[in-house]
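1. here is a sequence together with a model predicted from it:
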Amino acid sequence: MANAASGMAVHDDCKLKFLELKTKRAFRFIVFKIEEKQIIVEKLGEPAESYEDFCTHLPADECRYAVYDFDFLTKESVPKSRIFFIAWCPDTSKVRSKMIYASSKDRFKRELDGIQIELQATDPTEMGLDVFKSRAN
């Protein structure tokens, strides 16, 4: 189904892979990109991959969407996890790309049932591990 705001369709694989991340913890992260008027899965991160591995898959000058399964310990040392949705939109990306990603984001996010926290980032410091930790609690 196309996104009314931007005309963007969401490939079925996006929802299927997100469901596997959410229910089976099959992936640490998923990077999505817009290609030929639809949102597709670009990269699946294995469960053992780190936050640093995840960051290497976000291009320095192109927009992307991503979900990241963040594990952490509460103040009581209880292990928990939160699923973050990241709208990656670097300042150096093209204006048209920024507009397309911005207009498609909310609808796409609604397709991924189970997102707990949203981050918008234009550079790596806006989505550092410290930001994840402070938003997760």
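-> Great, that's in hand.
2. okay, now the unreliable bits of this protein?
-> 1-7 (pLDDT under 70).
3. can you pull up the most central residue in it?
-> Ala66 (1.7 Å; CA atoms, centre = their mean).
4. quick check: that one touching Cys89?
-> No - the pair Ala66 / Cys89 is not scored as a contact, 11.4 Å apart, by CB atoms under 8 Å. (Glycine included, C-beta is placed from N, CA and C.)
5. quick one: the helix or strand hosting the residue nearest to the centre of the chain to chain centroid distance?
-> Using DSSP states H and E, Ala66 maps to strand 64-73. From the chain centre to the centre of strand 64-73 is a distance of 7 Å (CA atoms, centre = their mean, to the nearest Å).
6. do the same with stretch 65-82
-> Worked out by CA atoms, centre = their mean, stretch 65-82 lies 15 Å from the chain centre.
7. can you list contacts of that stretch?
-> For stretch 65-82, contacts defined as CB atoms under 8 Å, 6 or more residues apart in numbering pick out 18, 21, 25, 27-33, 39, 51, 54, 57-58, 83-88, 101, 105, 108, 112, 115-117, 132-133, 135-137.
8. same thing but at 7 Å, please
-> Outside stretch 65-82, the residues that touch it by CB atoms under 7 Å, 6 or more residues apart in numbering are 18, 21, 25, 28-32, 54, 58, 83-88, 108, 112, 116-117, 132-133, 136-137.
9. from these, which land in strands?
-> Phe29, Ile30, Val31, Phe32, Ile83, Phe84, Phe85, Ile86, Ala87, Trp88, Ile117 (DSSP state E).
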